[in-house]
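Q: prediction below, plus the sequence it came from.
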Amino acid sequence: MARRFFGTDGIRGRVGEHPMTVDFALRLASAAAQVLAPRGGTVLIGKDTRLSGYLFESALEAGFVASGVNVLLTGPLPTPGIAYMTRRCQCEFGVVISASHNLYEDNGIKFFDASGGKLSDELEEQIEAHLDAVPITRSSEQLGKAQRVDFMRSQYQDFCRTTLPPGVTLAGLKIVVDCANGAGYKVAPRTLADLGADIVPIGCSPNGRNINDGCGSTAPELLQLTVPGVHAQVGLTLDGDGDRVLMVDHLGRIVDGDQLLYVIAADRHARGELRGAVIGTQMSNLGLELALGQLGIGFERVAVGDRYVLSRLKETGGVLGGETSGHILCLDRTTTGDGLVSALQVLGIMQQSGRSLAELTAAMERYPQVLINVRVAQRFDPMARESVRGCYERLKARLGSGGRVVLRASGTEPLIRVMVEARRQGEAQQIAEELAASVQAAGQA
């Protein structure tokens, strides 16, 4: 059965428009309770800093309590923090209210199972099957209870610190940290400071409306200026819900998820701690694949979405995978993508090796990559359109082994993503624009 509402990362949309309404959130809570906690139990609810988070928090709380499920409310906490605390507190499942890297006008709802992992497609389909039913309201003696649990933030910070090797601190590092005015605005600076780093915080003053607005991993320009401006050794930037990270070296140059994944994989491999192939996606840079191959490290690609990276890692017994966007999975440290934990792995490698981030990434040559997001009235499979498929095949043949062409529909927005890699920037740009024009025309047909 095709999912109507769940995308690659939960349910997401514009606040006030279906499905991001109070009525839908109440029905979703009731449906999720029936599937994930049919005999009652406890759910952990966290959120980012969006103004609408209060609205959806209240609606979900009401739906769960009415269904006989106890509710723990953490307030703002990064998505991976909810995953970790769901497992630690032995909850039946966890819920995150966040639209990740989107601006505040949007919001979303996503779930974790009892192990801190994302729900399977099958479970999401089961939840959707209950959405049309009237929400449950049990009798008074069967209702759940709700309570605030502010202590979870410090417990999550403690966990993040333990992901560094024993005895390794961040003493002597000056770090600029940009939290996107999002869920990590307290956790990230405090964790880094507790480890001995000299912290310069930006994007750490949320007001409910400024999440991801000119800051964070989708807008790293301020971080790029600040790092060399304050003579810091490194900078890191999270997205709004804290599951992604990009970094900036001392020269102000962006280090993306592919490069960070290379640094971690190369270090784990050198220490004999790397298990299985590294898993990337169809959007991972060709330079990552080639650089890992030179070290004798296997590399596989899966569909875009960290859930597919995670699934393949579990199938192969691997521990490292991720996406160019900075969503990195270190399964030898935690169960889901965690921007702060991923950054700590890189910072720890810098400290242990005595090498700068620029030096650690020098061995990976990134192929020029052009990404064009074509906005369409309604998502469609671009390869199902004959005109687009013909253009795609022709351009792919032109590149040959010297590049890649990827064409896919976004799982969360009405966008068709066109990505082209080539040895030369100009060539990649030309091919991407030609294919994007074909997609645009097909969308209007």
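A: Perfect, I can see it now. Numbers count the residues shown, from 1 in each chain.

Q: show me the contacts for Met350.
A: Leu173, Gln233, Val234, Ser356, Leu357, Leu360 (Cβ atoms under 8 Å, 6 or more residues apart in numbering). Every C-beta, even on glycine, is put in place using the N, C-alpha and C of the backbone.

Q: excluding residues flanking it in the chain, which one is nearest the fifth one?
A: With sequence-adjacent residues excluded and distances taken as Cβ to Cβ, 6 or more residues apart in numbering, Leu357 is closest to Asp249, at 4.3 Å.

Q: the helix or strand bottoming out on mean pLDDT in the chain: how far from the chain's middle?
A: Between all helices and strands in the chain, the lowest mean by mean pLDDT, DSSP states H and E belongs to strand 404-409, at a mean of 90. With Cα atoms, centre = their mean, to the nearest Å as the basis, strand 404-409 stands 20 Å off its chain's centre.

Q: check stretch 418-437 too.
A: Using Cα atoms, centre = their mean, the offset of stretch 418-437 from its chain centre is 26 Å.

Q: ok, now stretch 339-349?
A: On Cα atoms, centre = their mean, the centre of stretch 339-349 falls 15 Å from the chain's centre.

Q: just the CA atoms of that stretch, as CSV, please.
A: Taking C-alpha atoms only, stretch 339-349 is exported to CSV below (Å, rounded to 0.1, in the frame of the first residue of the first chain):
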residue,chain,number,x,y,z
GLY,A,339,25.1,16.0,13.9
LEU,A,340,26.8,16.7,17.2
VAL,A,341,28.1,13.1,17.6
SER,A,342,29.4,13.2,14.0
ALA,A,343,31.2,16.5,14.6
LEU,A,344,32.7,15.1,17.7
GLN,A,345,34.2,12.2,15.8
VAL,A,346,36.0,14.6,13.4
LEU,A,347,37.1,16.9,16.2
GLY,A,348,38.5,13.9,18.1
ILE,A,349,40.4,12.8,15.0
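
Q: OK, contacts around Thr324?
A: Asp256, Gly257, Asp258, Thr281, Met283, Ser284, Asn285, Gln369.

Q: for the first one, give me its contacts.
A: Think Asp256. Residues in contact with Asp256 (Cβ under 8 Å, 6+ apart) are Leu246, Asn285, Thr324, Ser325, Gly326, Arg366.

Q: if we use 6 Å, what do you get?
A: Shown in contact with Asp256 (Cβ atoms under 6 Å, 6 or more residues apart in numbering): Leu246, Thr324.

Q: please apply the same query to the third one.
A: For Asp258, the contacting residues are Ser284, Asn285, Leu288, Thr324, taking Cβ under 6 Å, 6+ apart as the criterion.

Q: which strand or helix spans it?
A: Assigned by DSSP states H and E, Asp258 falls within helix 257-270.

Q: which parts of that helix are buried?
A: Within helix 257-270, the residues that qualify as buried are 257-269, counting by 16 or more other Cβ atoms under 10 Å.

Q: just checking, next helix/strand downstream of the least confident helix or strand of the chain?
A: Heading towards the C-terminus - elements assigned by DSSP H and E - strand 404-409 is followed by strand 415-421.

Q: that following strand packs against which elements?
A: strand 369-375, strand 404-409, helix 425-444 (3 or more Cβ pairs under 6 Å, 6 or more residues apart in numbering; DSSP states H and E).

Q: wait, which of these is closest to Gly116?
A: Shortest distance between Gly116 and those, using Cβ to Cβ, is found for strand 404-409: 27.7 Å.

Q: show me the contact partners of the closest one.
A: Under Cβ under 6 Å, 6+ apart, the answer for strand 404-409 is 282, 286, 379, 382, 392, 395-396, 416-421.

Q: name every strand pairing with it and say which way it goes.
A: strand 415-421 (antiparallel) (DSSP bridges).

Q: hmm, who's touching the partner strand?
A: 283, 286, 367, 369-376, 382, 403-410, 428, 431-432, 435-436, 439.

Q: buried only: go through those residues for me.
A: 283, 286, 367, 369-370, 372, 374, 376, 382, 403-410, 428, 431-432, 435-436, 439.

Q: tell me the spacing between the residue nearest to Leu103 when sequence neighbours are not counted and Ala180.
A: What sits nearest to Leu103 in space, not counting adjacent residues and going by Cβ to Cβ, 6+ apart, is Asn212, at 5.6 Å. Using Cβ to Cβ, to the nearest Å, we find Asn212 at a distance of 5 Å from Ala180.

Q: touching both of these two, which residues are there?
A: With Cβ under 6 Å, 6+ apart as the test, Asn212 and Ala180 both reach Gly240.

Q: more neighbours: these two, which one.
A: Ala180 (35 against 27; other Cβ atoms under 10 Å).

Q: so for the closest residue to the more buried one other than its chain neighbours, what's the pLDDT?
A: Distance criterion Cβ to Cβ, 6+ apart; nearest residue to Ala180, sequence neighbours excluded, is Gly216 at 2.6 Å. Looking at Gly216, its pLDDT is 97.

Q: Gly216 contacts Asp239, doesn't it?
A: Yes: counting by Cβ atoms under 6 Å, Asp239 is a contact partner of Gly216 at 5.3 Å.

Q: more crowded one of these two?
A: A count of neighbours by other Cβ under 10 Å puts Asp239 above the other of Gly216 and Asp239, at 31 against 28.

Q: model confidence at the more buried one, what's the number?
A: For Asp239, pLDDT reads 98.
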